[in-house]
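In: Sequence first, predicted coordinates after that:
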Amino acid sequence: MIVLLTGGIGCGKSSVAALLRGLGATTVDADTIVHELHEDPDVQAEVAALLGLPGPVSRADVARHVFGDDSLLRELEAILHPRVHARMAALRASNPADHVLVFEFPLPPTPQPGDVVICVEADEGVRVGRLRERGMQDADIFARIAAAPGPMAYREHAHHVIVNDGDLTDLRDRVTALWEDLRHDTRDL
């Protein structure tokens, strides 16, 4: 089974992924793949050229340039997304049908037939608080939230929505119940 886990920054996707991993799923974070790609010399050269900077460029340099500039962000996504999707396609193809493979996406995914989409949501105030706890500055927080699609875009294909405004115990209970639903899912895979 393929699960696409999505939600905006600070909603708790990584916490949900960790809980699912603890229950037996394999999880793959698209952001981790992007970070790995950032080390690729070909990607570095393309991104440096896009930003008009001498290489190598740091992820902080990239964030400073693209968040707040929708056009530049879309151009960066055009460089990275095909590579991320190629890696995920290889993982998808090798996943046994009886195993739960979770792909964690910071943007709303486009599901394939049989995929299960889980959307994680949280109140914006809760999200901002979490991001501040991670050490992010308000300008960066609000730029990233503004650059992301709205809540309805994340919910568009969702089969399950987890509202993550509570504590870890509450989230664990919700994820455990969801896991039971996934284990009994009878959709045509």
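Out: Received the coordinates, thanks.
In: For the residue in the chain sticking out farthest from the centre, which non-adjacent residue is closest in space?
Out: What lies farthest from the middle of the chain is P54; by CA atoms, centre = their mean that is 28.6 Å. For P54, ignoring the flanking residues on the chain, the nearest one in space by CB to CB, 6 or more residues apart in numbering is A48 at 6.6 Å. For the C-beta atoms, the positions are set from N, CA and C on the backbone; glycine is no exception.
In: now swap in A146 and tell me
Out: Taking CB to CB, 6+ apart, and ignoring the residues beside it in sequence, A146 has G68 as its nearest neighbour in space, at 7.6 Å.
In: and if you look at P56?
Out: Using CB to CB, 6+ apart, the closest residue to P56 is Q44 (5.0 Å).
In: Can you find the helix or strand in the chain with the smallest mean pLDDT?
Out: Counting by mean pLDDT, DSSP states H and E, the chain has its least confident helix or strand at helix 59-66, which shows a mean of 85.
In: Can you pull out the residues in contact with that one?
Out: Defining contact as CB atoms under 8 Å, 6 or more residues apart in numbering, one finds that helix 59-66 is touched by 35, 38, 47, 51, 53, 72-73, 76, 140, 147.
In: Spatially central residue for the protein, please.
Out: F105 (2.2 Å).
In: Quick check: that residue vs V28, distance?
Out: 10 Å (CB to CB, to the nearest Å).
In: ok, Q44 - contacts?
Out: Neighbour list for Q44: 38, 55-57 [criterion: CB under 8 Å, 6+ apart].
In: Using neighbour counts, trim those residues to the buried set.
Out: Applying 16 or more other CB atoms under 10 Å to the contacts of Q44, the neighbour count classes 38, 57 as buried.
In: rewinding a little: may I see the contacts of helix 59-66 arranged in JSON lines, with pLDDT as well?
Out: Formatted as JSON lines, the contacts of helix 59-66 follow (pLDDT from 0 to 100):
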{"residue": "H35", "pLDDT": "89"}
{"residue": "H38", "pLDDT": "88"}
{"residue": "V47", "pLDDT": "92"}
{"residue": "L51", "pLDDT": "90"}
{"residue": "L53", "pLDDT": "88"}
{"residue": "L72", "pLDDT": "89"}
{"residue": "L73", "pLDDT": "87"}
{"residue": "L76", "pLDDT": "91"}
{"residue": "D140", "pLDDT": "87"}
{"residue": "A147", "pLDDT": "82"}
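In: Make a ChimeraX selection of whichever of these turn out to be buried.
Out: Taking 16+ other CB under 10 Å as the burial criterion, the selection of buried members of these in ChimeraX is written as:
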select :38,47,51,76,140
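In: Can you tell me which of the contacts of helix 59-66 is closest to D185?
Out: If you rank the contacts of helix 59-66 by distance to D185 using CB to CB, H35 comes first, at 31.0 Å.
In: Surely the closest one is in a strand?
Out: No. Counting by DSSP: H, G, I helix; E, B strand; the rest coil, H35 falls outside a strand, being helix.
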